[in-house]
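1. Any chance you can model this:
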Amino acid sequence: MLGEYLLEVRSEEIPARMLEPGVRELATRVFEELMSRNLAPAEVETGYAPRRLVLVLTGLPEREPDREEQMMGPPVRAAYTADGAPTPALIGFAKRCGVEPDQLARVKTDKGEYLAATKKTEGKPTADVLAEIVPRALAGISWAKTMRWGSGEGPWVRPVHGVVSLFDGAVVPFTFFGIAAGDTTEGHPNLSPAPFQVTGAEAYRRELAQRDIEVRPAERRKTLADTMQKRAEALGGILVDDPALLDKLAAICEIPGVMEGHFDESFLELPAEVLATSLRDHQSALTVEAPGGGLLPCFLTVMDRPDDPKGRARSGNEWVVAARLADARFFYGEDRKAGLAHRAKQLDRLAFHDRLGSYATKSERLAALVTVICDALGWKEEKDSAVTAARLLKVDLATEMVKEFTSLQGIVGGIYAREEGQSEAVWQAVYDQYLPASTEDRLPRGHAGLVAGLADRLDTVVGIFGLGLIPTGSKDPFGLRRAAQGIVRIALEGNLALDLEAVAAEAVKLFGDRVKRSAAQILDDLRPFLHDRLRYVLGLRGYAYDEIEAALAVGVTTLPDLAARVDALHRMREEPGFLTVVLAAKRIANIVKDAAENPLDASLLAEPAEKDLHTAFDGLRHEVEEAAAARDYDRCLRRILDLAPVLDRFFVEVLVMAEDPKVRQNRIALLQAIGKTVSRTARLTEVVVDKAEARGKG
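-> As a prediction, this is how the structure comes out:
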């Protein structure tokens, strides 16, 4: 018969960010210990609320299986005296095992014959095992911060107030920081504090539901999302989507109540981004979008109770919101009075890096670097907008609004640039400068936005690499991996036909003597760093690692070109004849790897198979080069596949390593030429061939 275990630990309020990692680690620790005792549960369920952690295990056996363990004793040669009497070593071993010496078995091993005993251990009841491992697992949780309380109890995340520990309705007894586990818990500390008894997980959830408490965070989140959406619609608008904030709201309550509040319409004069950020950061509140755009003068947030009959929670929140929005309006007004030109002068006082200069010097470098990029791309008309955007890119770091709301970096600068009459290309470039920050984010809008975003990231990465501060392991204090991923995505998805190494070399020059490493040293480190990010981005598109490596091995001119080669190889992989060409390329590489370069003499080709191969190769070589030059890599690879049958025949009928050295060198020269051509798009030797495929081919 399979059983159920319910664990609830009640404590003082645990910070929202620690709840999910904490309960996940608890479940992992308990599960792994049960597995080691052959007591794996069929299902593991976790839950949490600010004041409780919950673990439910179902499908548990009633007890551990009995175990037999062979215990090795002394070697036979040392177990008996000359007259056959047991030695002290044998007597002592038998006594430890609880058997008579003549009950020991003889076991042959690589080291000789030994005496051994079989120890049988009766399995413990599962309840006893749980009483042993659960308190150890609870105490072992790696909380980000811990504390002590009372007379020195702890350390743990928060003081413990109660523990429910039940296996099939019976208490699994243990003590945790002086609190004895039992079958009694409590509801909400203010609304339903009276203790009540539970008999199992179903009864536990039912009793909590009667008190409006939900311990499953996914259910709380769904209830909040559905209720808020309905409230927003009732207000005549649409709930502004904010998944991260909803996750937080679901974590800070155990009763998923929704509170609606309003603020003075005069605050709608603030930019919607400022309004939403102020409400989000200061009050954990979502905003409601009006049907025609903009926001409605209302907000929605969580209320850890089912209702607010006297409106006190609402009025308190509205009072705080009004004060916060008044602050935001003040900061906004101060920034608007000063203007971006005035704030730009303050960038001299803001350090980008103590060895790389201020944000003022960074802005000058960015203006120069976007000029280099625009010239390389042939974007003459976009250059002025890109340069203007580059000079404005970091100005909002000196604004009062960004000092208050750091998450609005870039966005505030874009808003102010728009309000000061900058062109759409300029203000959008400033607004979007930190995009993409993740794999899901969109790219910056417009050519100026792409160039400015690329220049900003290249300047940062090159400068930090120039100081020798290259990320290692999980350490990346300057966010260089994220910056490198942004570089790759902008160049790749923005279809920028740029030689990134050449642009990076220009970026190095702009630092002057601020960096002590040479451009060659920086590029030697930067190249693999960018390639790692490139592998990651292309891998997310579904390309196999060997396809990416094969394209990278040929070299990188521009990232769009590389992506086109990877894509062509990916699609051509299933074509008939592809495997033959790959295997032939690998065979050719092995044959010619140590051979000197020799010119091909067609007059020395004697065998029909080698003549046919030369004829076929001669006919497609120029077409392959022409297709590659036109970036028509599908046609390039397809023409190479035409060599499959003649390559097959050549290796069957022709002995490359002929006795005549001239014939041998000439055949190697033919294979060298073919090897270079078939690797024009990608180095096919990097393509992994499944052994079963190869056997099938053979």
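2. Any stretches of the stretch 251-400 of the chain with poor pLDDT?
-> Under the criterion pLDDT under 70, no range of the stretch 251-400 of the chain is flagged.
3. Mind doing that once more with 90?
-> Counting by pLDDT under 90, the stretch 251-400 of the chain has low-confidence residues at 292-293, 308-310.
4. Show me where it has its strands.
-> With DSSP state E, counting those that start in this stretch applied, the stretch 251-400 of the chain shows strands at 257-262, 286-289, 295-303, 351-353, 357-358, listed in chain order.
5. buried residues in the first one?
-> This points to strand 257-262. Taking 16 or more other Cβ atoms under 10 Å as the neighbour-count basis, strand 257-262 is seen to contain the buried residues 257, 258, 259, 260, 261. The C-beta positions use only the backbone N, C-alpha and C, and glycine is treated the same way.
6. can you pull the contacts of the closest residue to the first one other than its chain neighbours?
-> Nearest in space to residue 257, with sequence neighbours left out and distances taken as Cβ to Cβ, 6 or more residues apart in numbering, is residue 303 at 4.1 Å. For residue 303, the contacting residues are 253, 255, 257, 258, 259, 313, taking Cβ atoms under 8 Å, 6 or more residues apart in numbering as the criterion.
7. now with 10 Å?
-> Remark: with contacts taken as Cβ atoms under 10 Å, 6 or more residues apart in numbering, residue 303 is in contact with 249, 253, 255, 256, 257, 258, 259, 260, 313, 314, 317.
8. quick one: which of those residues is nearest to residue 499?
-> residue 249 (47.8 Å; Cβ to Cβ).
9. The closest one: neighbouring residues, count only.
-> Residues contacting residue 249 under the criterion other Cβ atoms under 10 Å number 25.
10. Helix or strand for residue 108, just tell me which one.
-> Assessed by DSSP states H and E, residue 108 sits inside strand 105-109.
11. got a list of contacts for the following helix or strand past that strand?
-> Sequence-wise, the next helix or strand beyond strand 105-109 is strand 112-121, with elements assigned using DSSP H and E. Contacting residues not belonging to strand 112-121 are listed as 64-80, 86, 89-90, 93-94, 96-99, 101, 103-109 [Cβ under 10 Å, 6+ apart].
12. relative orientation of strand 112-121 and strand 105-109 in degrees?
-> With axes from the mean of the first three to the mean of the last three Cα atoms, to 10 degrees defining the directions, strand 112-121 sits at 120 degrees from strand 105-109.
13. quick one: buried residues of stretch 436-456?
-> By neighbour count with 16+ other Cβ under 10 Å, stretch 436-456 contains the buried residues 436, 443-456.
14. List just the nearest of those to residue 421.
-> Ranking the buried residues of stretch 436-456 by separation from residue 421, with Cβ to Cβ as the measure, puts residue 448 on top at 16.0 Å.
15. So that closest one is in contact with residue 428, correct?
-> Yes. Taking Cβ atoms under 10 Å as the definition, residue 448 is a contact partner of residue 428 at 7.5 Å.
16. what is in contact with those two at once?
-> 385, 389.
17. looking at the strands of the stretch 251-400 of the chain, which is closest to residue 468?
-> Between residue 468 and the strands of the stretch 251-400 of the chain, the shortest separation by Cβ to Cβ is 12.7 Å, and it involves strand 351-353.
18. May I see the buried residues of the closest one?
-> Per 16+ other Cβ under 10 Å, strand 351-353 contains these buried residues: 352, 353.
19. List the buried residues for the longest helix seen in the chain?
-> Ranked by residue count, the top helix of the chain under DSSP state H comes out as helix 312-345. Of the residues in helix 312-345, those buried by neighbour count under the rule 16+ other Cβ under 10 Å are 313-314, 317-318, 321, 324-325, 328-329, 331-332, 335, 338, 340, 343-344.
20. Check the spacing between residue 49 and residue 143 real quick.
-> Taking Cβ to Cβ, to the nearest Å as the measure, residue 49 falls 17 Å from residue 143.
21. swap in residue 179?
-> Taking Cβ to Cβ as the measure, residue 179 and residue 143 are separated by 17 Å.
22. what do you get for residue 681?
-> Counting by Cβ to Cβ, the gap from residue 681 to residue 143 is 53 Å.
23. Comparing the two, which residue is more hemmed in?
-> Taking other Cβ under 10 Å, residue 681 and residue 143 do not tie; residue 681 has more neighbours (26 against 16).
24. Let me know the secondary structure of residue 498.
-> Reduced to three states with DSSP: H, G, I helix; E, B strand; the rest coil, the structure at residue 498 is coil.
25. So what does residue 238 have for phi and psi?
-> When quoted as degrees, to the nearest 10, the phi and psi of residue 238 stand at phi -130, psi 130.
26. how many neighbours does the closest residue to it other than its chain neighbours have?
-> Take residue 238 and drop its neighbours on the chain: the residue closest to it by Cβ to Cβ, 6+ apart is residue 289, 4.8 Å away. Other residues within reach of residue 289, judged by other Cβ under 10 Å, total 17.
27. Please name the bridge partners of residue 289.
-> On the basis of DSSP bridges, residue 289 takes part in beta bridges with residue 238, residue 295.
28. how about it, what does it touch?
-> Taking Cβ under 10 Å, 6+ apart as the definition of contact, the neighbours of residue 289 are 232, 237, 238, 239, 240, 241, 272, 276, 295, 296.
29. Kindly recompute the last result at 8 Å.
-> With contacts defined as Cβ under 8 Å, 6+ apart, the neighbours of residue 289 are 237, 238, 239, 240, 295, 296.
30. do residue 469 as well
-> Residue 469 touches residue 478, counting by Cβ under 8 Å, 6+ apart.
31. Tell me the confidence at it?
-> Model confidence at residue 469, expressed as pLDDT, equals 93.
32. Now the phi/psi pair for it, please.
-> Taking degrees, to the nearest 10 as the convention, residue 469 sits at phi -90, psi 70.
33. Just the buried residues of the helix or strand harbouring residue 488, please?
-> Taking DSSP H and E as the criterion, the element that holds residue 488 is helix 480-493. For helix 480-493, burial by neighbour count (16+ other Cβ under 10 Å) applies to 480, 482-493.
34. from those, which is closest to residue 389?
-> Residue 389 has its nearest neighbour among these in residue 490, at 14.2 Å by Cβ to Cβ.
35. and the closest residue to that closest one other than its chain neighbours, what pLDDT?
-> Excluding its sequence neighbours, the residue lying closest to residue 490 (Cβ to Cβ, 6+ apart) is residue 454, at 4.8 Å. Residue 454 carries a pLDDT score of 97 in this model.
36. Check the gap between residue 454 and residue 341 for me.
-> Relative to residue 341, residue 454 is positioned 25 Å away (criterion: Cβ to Cβ).
37. And for residue 622?
-> When residue 622 is compared with residue 341 (using Cβ to Cβ), they lie 59 Å apart.
38. elements contacting the host helix or strand of residue 23?
-> Taking DSSP H and E as the criterion, residue 23 maps to helix 16-36. Contacting helix 16-36 under the criterion 3 or more Cβ pairs under 8 Å, 6 or more residues apart in numbering; DSSP states H and E are the following elements: strand 43-49, strand 52-60, helix 126-139, helix 243-251.
39. Take those and lay them out in JSON lines including distance to residue 355.
-> Compiled in JSON lines, the helices and strands packed on helix 16-36 are given as follows (distance: least, Cβ to Cβ, whole Å):
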{"stretch": "strand 43-49", "distance to residue 355": "45"}
{"stretch": "strand 52-60", "distance to residue 355": "46"}
{"stretch": "helix 126-139", "distance to residue 355": "45"}
{"stretch": "helix 243-251", "distance to residue 355": "35"}
